[in-house]
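> Give me coordinates for this.
(chains A and B)
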Amino acid sequence: MKRVWISGWVVLLALGLACSGVLAPSQVSAQQEVTIGVIYPLTGGAASAGRELQYGAELAAEIANNVMAELAMDMAKNAGIKSLNGAKIKLVFKDHEGNPTLGADLAKKLILDDKVVGILGCYHSSVTKAVSAVCEQYKVPMINDSSTSPILTQQGYKWFWRTTPHDGTFTKDLFEFLKGLSEGKAKGVKAVPKQELMNLAAACEKTEWGSAASGLIEKYAKEYGYDLKRNLLYAAKSADLSSEVRSLLAVKPDGMLFASYTSDAILMLKTLKAEKAKPKLIWGQDAGFETPEFRTTLGEDIVGVLTRTVFSPKLGQVKKISGQVNELYKKKTGYDLSDASARGFTGVQTWVHVLEKAGSTKPEAIQAAANEIHIPGEQLVVPWKGIKFSTSGEEIGQNLLGSGIIGQYQKNQAGEVVLEIVYPFELATANLIYPFKGF
Amino acid sequence: MALDVLVASLVAGLLIGMVLALVALGLTIIFGVMDIVNFAHGEFLMVGMYTGLLVAQGARMEPLLTLPLAAMVGFVLGWLCYFLFVKFLLRGPMVAQLLGTFGLMLFLRNLALLFFGSEDRAIHHGLLVGKSISLGMGVSVPATKLAAAFLAVSAFAAVWLLINRTKVGKALQATALNAQGARYMGIPTDRMNGLAWGIGGATVTIAGALLVNFWAVNPYVGLLFTMLAFTIVALGGFGSVPGAFLAGLVVGLITEIPGIWDSLSLALDWRWMMDVPMTSFKYTWVYLAYFIIMLARPKGLFGWKR
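Residues are numbered from 1 along each chain as shown, chains lettered A, B, ... in the order given. This is a model prediction of the structure:
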């Protein structure tokens, strides 16, 4: 009798374990899902950008998991990953709060506890750096969609790929824009003598991303022959930026350049307004200068402000897929796709293509697929030539086909503040407002 | 060009110094009366900032009109903290008092994290927000800072009058000088202690409601202000009210050292000076001042109590 009881308990225990998935042979076949860990700043100073990234990533997963025949992109043709028997993409979001240590802990948790097949994130370059080191250690693939410090792809990592162009490209774009401005190439503006825009001042937040951006501004200012009179670093979590702004204004700059996250970008503009700053040009290195919170909080005060970006809703006029996805996104969130949401979207899209090509969730198969992948530009919502990662040279894992644009906030006929494209000059959607009208 | 930068920096330092003096006032009163260092002082300020922010945004009212409410919240918070918590700590050794207020700091901070998240929040509306007043020489002062400085000095003066010109104030001073003697004279010292915490809480929450007009708030903002308040109290003398005011101005000016450095670098036209990233460590000088004072005179430079 005792043996019967023991046998009964063993059978029950085995059934229980089978149901809980412990004895399941693999995550894909048991659950028909591929889990990707996504680490973004969902609270803290960059929370609004983090939420944008999340919404963009969620929309891409939604498209990948369903058939949406009207969209001209491969991932919309199948419900799930076809080469993985239609396994659905499941995103597990984690909040790093802008903290690299927390980001690294979350990455370990996702890898060891949640058994994710890979990681996506992390927006803050400093967090991406910490997370990519964890992924490298555990040999887990990581796709970076939104961090732009050039150093990230100069580490020689074998498990790290970056879809977005980095700040080297973006900063060069800025100086090309300034050069074009003095050559009379800007739409609607006569040639501005270089001397009129000679004195520049820059303020960048002092984490990994801002410090790298600051170095690039200095490098290109020298290369293009501009006088960078002040190039200061500040803490993004500063609750007050008055002394920084006064320090910038002290050198009477013609152009002011920033690399800021959301809360400090808003604070910076508010302080500039309170100090009655009137430079001829204000340029932001994306990030905080592109979030919906930046626009809604500052309203018309940002008319004339420039920001580098990788997406503008205006792209829909020249690129059908951008317009279609933008409409879906707008229906979902009430906002247009932004730089952040477009990059979150593209990050998940890249994951889908990589998994489709790999046909397996084994890290080595994913690694090989990522190194071989080529997504054509016409499939992307962003205005890049495509996605193809470098596998050799100084920048391993960097997308070779990315490019940037410079947008300017302008007021449209309906009185809304929108981001018009002003660079590349041939893609300009509106006349450039120059000089900046002041506050 | 250098002179306008110097004047702008000095004016900014003095204006913020007046608000910082009010921030430190509560800390010095509490220490003066009970010899307790309140590590949660910055978190009281954070409560004031959130009160000002939420009321101004929720009721769409002028942020400066939230001051009376912030004062009430601060007074009740201080009073409750004393009678529900600090009173019992006083029975223990000094280390228990230190760790107790440290625990209070962590509790308030985490409570704010729970309710408000870690996001920075700021006021974007109000009669004075974004406006400036020109002082000539190309120097302009944000109107919110000017108003905050004026109101901070008014609040400071009101507390000074309360302590020095009223019976309650005299009782408070008597409790501070000799609690046992004051008890023998019929002064309810327990209530005086509660009052000290109430006044301390009210002054710092008023300062918080003033600061939120031009300063973003998050649950961690208190740490910076606790350090600034400690420096002011150490500089002005533990327990000294006029000392706190003067020290507030001095610390305000110390935070403007980057601006003063700028004016010097422009006057001398030395590029190497311009390249020194002074703004990156603008509060380092305050911490350095605190460190030096603590080494030289651990009880502060001038004290109310002898």
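> contacts, neighbours, all on C-alpha from now
Will do.
> For the chain, which segments count as strands?
No chain in the question, so chain A it is. Taking DSSP state E, the strands of chain A run over residues A:33-40, A:88-95, A:118-121, A:142-144, A:160-162, A:199-205, A:227-234, A:255-259, A:281-284, A:306-309, A:375-376, A:386-387, A:405-411, A:417-423.
> Actually, chain B is the one I wanted.
Using DSSP E, strands in chain B cover B:132-136, B:139-142.
> Let me see the mean pLDDT of the shortest one.
Meaning strand B:139-142. Strand B:139-142 shows an average pLDDT of 83 in the prediction.
> That strand pairs with which strands, parallel or anti?
strand B:132-136 (antiparallel) (DSSP bridges).
> to the chain's geometric centre, what's the distance from the strand it pairs with?
Computed by C-alpha atoms, centre = their mean, to the nearest Å, the chain-centroid distance of strand B:132-136 equals 26 Å.
> now stretch A:33-53
Relative to the chain's own centre, stretch A:33-53 is displaced by 11 Å; criterion: C-alpha atoms, centre = their mean.
> Output that stretch in CSV with nothing but the alpha carbons.
What follows is stretch A:33-53, C-alpha atoms only, in CSV (Å, rounded to 0.1, in the frame of the first residue of the first chain):
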residue,chain,number,x,y,z
GLU,A,33,7.1,32.4,-27.4
VAL,A,34,10.6,34.0,-27.8
THR,A,35,11.3,36.2,-24.8
ILE,A,36,13.4,39.3,-25.2
GLY,A,37,14.5,41.4,-22.2
VAL,A,38,14.0,45.1,-22.8
ILE,A,39,15.8,47.5,-20.4
TYR,A,40,14.7,51.1,-20.7
PRO,A,41,14.5,54.1,-18.3
LEU,A,42,10.8,53.9,-17.4
THR,A,43,11.1,56.2,-14.4
GLY,A,44,13.6,59.0,-13.6
GLY,A,45,14.6,62.0,-15.6
ALA,A,46,14.4,60.2,-19.0
ALA,A,47,11.1,58.4,-18.3
SER,A,48,9.2,60.0,-21.1
ALA,A,49,11.8,58.9,-23.6
GLY,A,50,11.8,55.4,-22.0
ARG,A,51,8.0,55.2,-22.4
GLU,A,52,8.3,56.3,-26.1
LEU,A,53,10.9,53.6,-26.7
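> how about whichever residue of chain A sits closest to chain B, what does it touch?
Proximity to chain B, evaluated over chain A using C-alpha to the nearest C-alpha, is greatest for residue A:44 at 3.8 Å. Residue A:44 makes contact with A:97, A:98, B:117, B:118, B:119, B:120, according to C-alpha atoms under 8 Å, 6 or more residues apart in numbering or on different chains.
> quick one: pLDDT of residue A:23?
43.
> ok, now residue B:125?
In this model, residue B:125 is scored at 80, pLDDT.
> Are there helices or strands packed against the worst-scoring helix or strand of chain B on mean pLDDT, and which ones?
Across the helices and strands of chain B, mean confidence by mean pLDDT, DSSP states H and E is lowest for helix B:271-275: a mean of 79. The contact analysis (3 or more C-alpha pairs under 8 Å, 6 or more residues apart in numbering or on different chains; DSSP states H and E) places helix B:271-275 against strand A:227-234, helix B:257-268.
> Dump those to TSV, plus mean pLDDT.
What follows is the helices and strands packed on helix B:271-275, written out as TSV (pLDDT from 0 to 100):
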stretch	mean pLDDT
strand A:227-234	90
helix B:257-268	86
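> what residue ranges in chain A score low on pLDDT?
A:1-31 (pLDDT under 70).
> Nearest the geometric middle of it, what residue?
Centroid-nearest residue in chain A: residue A:146, 2.5 Å away (criterion: C-alpha atoms, centre = their mean).
> Once you drop chain neighbours, what's closest to it?
Leaving aside its chain neighbours, residue A:146 sits nearest to residue A:123 (4.8 Å; criterion: C-alpha to C-alpha, 6 or more residues apart in numbering or on different chains).
> Go ahead and confirm the one you found touches residue A:40.
Yes: the criterion here is C-alpha atoms under 8 Å, and residue A:123 meets it with residue A:40 at 6.3 Å.
> Any residues of chain B in contact with chain A? List them.
B:1-2, B:5, B:9, B:117-121, B:124, B:130-132, B:140-142, B:214-217, B:221, B:256, B:258-259, B:262-263, B:274-275, B:277, B:279-280 (C-alpha under 8 Å from any C-alpha of the partner chain).
> related to what we said a few turns ago, in the least confident helix or strand of chain B, what counts as buried?
Using 16 or more other C-alpha atoms under 10 Å in any protein chain shown as the test for burial, helix B:271-275 gives residue B:274.
> Residue of the stretch 51-200 of chain B closest to chain A, please.
For the stretch 51-200 of chain B, C-alpha to the nearest C-alpha, closest residue to chain A: residue B:119, 3.8 Å.
> how close does the nearest residue to that residue once chain neighbours are set aside get to residue B:32?
Excluding the flanking residues, the one nearest residue B:119 by C-alpha to C-alpha, 6+ apart is residue A:44, at 3.8 Å. With distances taken as C-alpha to C-alpha, to the nearest Å, residue A:44 is found 37 Å from residue B:32.
> what about residue B:250, how many residues close to it?
Residues near residue B:250, counting by other C-alpha atoms under 10 Å in any protein chain shown, number 22.
> which one of residue A:123 and residue A:40 has more residues nearby?
Per other C-alpha under 10 Å, whichever of residue A:123 and residue A:40 has more neighbours is residue A:40, with 30 against 27.
> which residues does that one bridge with?
residue A:95.
> who touches it in this structure?
A:50, A:53, A:54, A:93, A:94, A:95, A:96, A:97, A:121, A:122, A:123.
> Tell me which residues touch the second one, please.
The reference is to residue A:53. A:40, A:340, A:341, A:342, A:343, A:344, A:345.
> how close does it get to residue A:371?
Residue A:53 is 24 Å from residue A:371, by C-alpha to C-alpha.
> One more: the third one?
Taken as C-alpha to C-alpha, the spacing of residue A:54 relative to residue A:371 amounts to 25 Å.
> Residue B:260 contacts residue B:3, doesn't it?
No: proximity of residue B:260 to residue B:3 does not meet the contact threshold set by C-alpha under 8 Å, at 9.6 Å.
> on that earlier part again, what is the nearest of the contacts of residue A:40 to residue B:27?
Each of the contacts of residue A:40 was checked against residue B:27 using C-alpha to C-alpha; the closest is residue A:97, at 31.2 Å.
> List the contacts of the nearest residue to the closest one once chain neighbours are set aside.
Distances taken as C-alpha to C-alpha, 6+ apart put residue A:41 closest to residue A:97, at 4.7 Å, once the chain neighbours are dropped. Contacts for residue A:41 (C-alpha under 8 Å, 6+ apart) come out as A:47, A:49, A:50, A:51, A:95, A:96, A:97, A:98, A:122, A:123, A:124.
> mind listing what the fourth one touches?
Neighbour list for residue A:51: A:41, A:42 [criterion: C-alpha under 8 Å, 6+ apart].
> now do 6 Å
Contact analysis of residue A:51 by C-alpha atoms under 6 Å, 6 or more residues apart in numbering or on different chains lists residue A:42.
> just to revisit the earlier point, can you name the two of the contacts of residue A:53 that sit furthest apart?
The widest separation within the contacts of residue A:53 (C-alpha to C-alpha) is 14.4 Å, between A:40 and A:342.
> Out of the contacts of residue A:44, which comes closest to residue A:402?
residue A:98 (25.3 Å).
> Quick one: low-confidence residue ranges for chain B.
B:1, B:301-306.
> All the helices of it, residue numbers only.
Using DSSP state H, the helices of chain B run over B:2-34, B:41-58, B:67-81, B:87-89, B:94-116, B:143-165, B:167-177, B:179-184, B:189-211, B:221-236, B:241-254, B:257-268, B:271-275, B:284-296.
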